[in-house]
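Chemist: Predicted coordinates and the sequence they were generated for:
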Amino acid sequence: MKTSNIRPLLLGLCVVVAVSALGFAPPAAVQAPPPARTQEAPPSRTVEGVTFGPEASLLFLTPEQQRVAYRNLKLLAPHNLVARGKSISPLPEAPMDLGSFRYKYQNRSRSLDDFMTETRVAGFLVIKDGRVVAERYAHGHGPGSVWTSFSVAKSVVSLLYGAALQDGSLKSLDDSVTQYLPSLRGSAYDVVTLRQLLQMSSGVAWNEDETDPKSDLAQSGRIVRTGGIDDLLAYMKRLPRKAPPGSVFNYNTGETHVAGAVLRAATGRPLAQYLSEKVWQPAGMEADAYWLLMRKGDAELGGCCLSATLRDYGRLGLLALRGGVAADGTRVVTKEWIAASTTPAPTASNYGYLWWLEGRGRYAASGIFGQYIYVDPEHQVVVAIHSLWPVAYNRELPAHRRAFLEALVPAVSGGAQGAR
């Protein structure tokens, strides 16, 4: 069964299991032992003059809370550091004047300023042929501040799978999930391969309905809030089989945490440490990043919440655009892995290995509330966006962004200055 019209619904749900019930707690020390469990609610915290209550959720923040929280999650929740290296990959600048740039959305001509205002963009970066041609910030955001990624982190996990295959930590995507996670043996995952896990085609029953308090999504969210990876895996083990593996696309946020657990088991390292060693340092990222942990503090959220600067988002896009090679020629992952990751899955024409496919060879890492890394190999363009959408997802906001990008890429590639 092929599924091509699934994205509008799923992107609105993609990280609910990670954050819907994730109250902000005092941050754990980097790589510290898991904190003791407690029945007491975490205290309220105030950051930049904005208060976050003990039950605050990333999905239901006020605009002012969004502006502060998205760039300060390390002050609000447990996390692991993703350390940068000693050398920084340069991003040379070749500024373009986009003052006359126009694009059309809903039968009205709009400017770049209109796009940033109407879709609440906090950071906007365009890289053409390896050079920054446009960079803007708003809402108090700036080049030195980090920003949460939501489900952009899933595509980063995909890069880590490529690194693990390259260094031999993972043998093959045709290995079973339970080969790396013995605790899932005797479950529906006995016959699920890593490839099927990354393509969201495990066939394991999963209800991702955010409106149903009894859905798997809601129940897993409660587990993430109070427990750790073992608690989540115990829940996943109880899920029944609904379809043969590899036959149906079914977006399953819980399985992205399983994918992260596989990496931890295979490499023997936390995701943040492995990301630092295999991607962040070799690719010359300019700033430390950090990755949120489950409440027990024993595992990163495989499907969510890696925070990084806008320029380092851009470097991630460039890494993929260059076929896994950093600017200095260091190979981070193989070009075959990038190609395979951005090839349509048998069950979904717009999904690869945790990347969304945009058609005509373009692909994207996408998170709710407007986080985005867009890669256009044909035009050698990368666009990175940090946003504060007023809702997690609806049909209008991504349609607006799509219309903007369809005009922007030709404009910065030497074509006409957009639709008028």
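Modeler: Perfect, thanks for sending it.
Chemist: From here on, just use CA atoms for contacts and neighbour counts.
Modeler: Noted.
Chemist: so where do the helices sit in the stretch 301-420 of the chain?
Modeler: 310-321, 335-341, 396-412 (DSSP state H, counting those that start in this stretch).
Chemist: Please identify the most buried of those.
Modeler: helix 310-321 (a mean of 26; mean count of other C-alpha atoms under 10 Å).
Chemist: Quick test: name the residue nearest the centre of the protein.
Modeler: Nearest to the geometric centre of the chain sits residue 152, at 1.6 Å (C-alpha atoms, centre = their mean).
Chemist: need the helices for the protein, in chain order.
Modeler: Applying DSSP state H to the chain gives helices spanning 7-11, 16-19, 63-69, 112-118, 152-167, 177-180, 194-198, 216-226, 229-237, 253-267, 271-275, 310-321, 335-341, 396-412.
Chemist: any chance of the ones you listed in TSV, with distance to residue 57 and mean pLDDT too?
Modeler: Shown next, in TSV, are the helices of the chain (distance: least, C-alpha to C-alpha, whole Å; pLDDT from 0 to 100):
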stretch	distance to residue 57	mean pLDDT
helix 7-11	18	40
helix 16-19	6	46
helix 63-69	10	96
helix 112-118	24	98
helix 152-167	18	97
helix 177-180	31	98
helix 194-198	27	98
helix 216-226	11	86
helix 229-237	19	97
helix 253-267	17	96
helix 271-275	23	98
helix 310-321	23	98
helix 335-341	32	98
helix 396-412	21	98
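Chemist: most neighbours per residue, which of those?
Modeler: Most buried among these, counting by mean count of other C-alpha under 10 Å: helix 16-19, with a mean of 28.
Chemist: Which pLDDT value does the model give residue 15?
Modeler: Residue 15 carries a pLDDT score of 47 in this model.
Chemist: Over to the one 10 residues further on?
Modeler: The pLDDT attached to residue 25 in the predicted structure is 55.
Chemist: now swap in the one 5 residues further on and tell me
Modeler: Looking at residue 30, its pLDDT is 42.
Chemist: Kindly report the same for residue 343.
Modeler: pLDDT at residue 343 comes out at 98.
Chemist: residues contacting it?
Modeler: 351, 352, 353, 357 (C-alpha atoms under 8 Å, 6 or more residues apart in numbering).
Chemist: Excluding sequence neighbours, find me the nearest residue to residue 85.
Modeler: Using C-alpha to C-alpha, 6 or more residues apart in numbering and skipping the chain neighbours, the partner closest in space to residue 85 is residue 281 (4.4 Å).
Chemist: which ones are touching the one you found?
Modeler: Contacts of residue 281 (C-alpha under 8 Å, 6+ apart): 83, 84, 85, 86, 87.
Chemist: what number of residues lie near the second one?
Modeler: So the one you mean is residue 84. Residues lying near residue 84 (other C-alpha atoms under 10 Å) number 21.
Chemist: Name the nearest residue to residue 47, sequence neighbours excluded.
Modeler: Spatial nearest neighbour of residue 47, excluding adjacent residues (C-alpha to C-alpha, 6+ apart): residue 68 at 7.2 Å.
Chemist: ditto for residue 387
Modeler: Nearest residue to residue 387, sequence neighbours excluded (C-alpha to C-alpha, 6+ apart): residue 121, at 4.3 Å.
Chemist: Now for the one you found, how many residues are close by?
Modeler: With other C-alpha under 10 Å as criterion, residue 121 counts 23.
Chemist: residues touching it, list them.
Modeler: Taking C-alpha under 8 Å, 6+ apart, we find residue 121 in contact with 115, 137, 138, 370, 385, 386, 387, 388, 389.
Chemist: For those, pick the one with the most neighbours.
Modeler: Going by other C-alpha under 10 Å, residue 386 tops those with 28 neighbours.
Chemist: Make sure it is actually in contact with residue 310.
Modeler: Yes - with contact defined as C-alpha atoms under 8 Å, residue 386 reaches residue 310; the gap is 7.0 Å.
Chemist: tell me, what's touching the two both at once?
Modeler: With C-alpha under 8 Å, 6+ apart as the test, residue 386 and residue 310 both reach 123, 124, 147.
Chemist: Out of these, name the ones that lie in strands.
Modeler: If you go by DSSP state E, these have 123, 124, 147 in strands.
Chemist: So for the last one, what's the nearest residue that isn't a sequence neighbour?
Modeler: When you say that, I think you mean residue 147. Residue 147's closest residue in space is residue 71 (C-alpha to C-alpha, 6+ apart), at 4.4 Å.
Chemist: quick one: contacts for that neighbour?
Modeler: Residue 71 touches 141, 145, 146, 147, 148, 307, counting by C-alpha under 8 Å, 6+ apart.
Chemist: still on that earlier bit, quickly name whichever of the ones in strands among the shared contacts of residue 386 and residue 310 is closest to residue 97.
Modeler: Taking C-alpha to C-alpha as the measure, residue 97 lies nearest residue 124 of these, at 14.5 Å.
Chemist: still on that earlier bit, quick one: pLDDT of the residue nearest to residue 85?
Modeler: On the pLDDT scale, residue 281 gets 97.
Chemist: Distance of it relative to residue 83?
Modeler: To residue 83, residue 281 is 7 Å away according to C-alpha to C-alpha, to the nearest Å.
Chemist: How about the contacts made by the residue nearest to residue 342 when sequence neighbours are not counted?
Modeler: Nearest residue to residue 342 in three dimensions, chain neighbours excluded: residue 352, at 5.0 Å (C-alpha to C-alpha, 6+ apart). Residues counted as contacts of residue 352 (C-alpha under 8 Å, 6+ apart) are 198, 199, 340, 341, 342, 343, 344, 345.
Chemist: Export those residues to a markdown table and append columns for distance to residue 303.
Modeler: As requested, the contacts of residue 352 are exported to a markdown table (distance: C-alpha to C-alpha, whole Å):
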| residue | distance to residue 303 |
| --- | --- |
| 198 | 11 |
| 199 | 13 |
| 340 | 20 |
| 341 | 16 |
| 342 | 18 |
| 343 | 20 |
| 344 | 20 |
| 345 | 19 |
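Chemist: Highest neighbour count among the contacts of residue 281?
Modeler: Top of the contacts of residue 281 by neighbour count (other C-alpha under 10 Å): residue 84, with 21 neighbours.
Chemist: Now that that residue has come up, it's in contact with residue 285, right?
Modeler: Yes - the pair formed by residue 84 and residue 285 meets the contact definition of C-alpha under 8 Å, at 5.9 Å.
Chemist: so residue 407 makes contact with residue 103?
Modeler: Yes - when contacts are counted by C-alpha under 8 Å, residue 407 is listed as touching residue 103 (5.8 Å).
Chemist: can you give me the strands for the stretch 1-150 of the chain?
Modeler: 45-47, 50-52, 79-82, 103-105, 108-110, 121-128, 131-137, 146-148 (DSSP state E, counting those that start in this stretch).
Chemist: Alright, that wraps it up for me.
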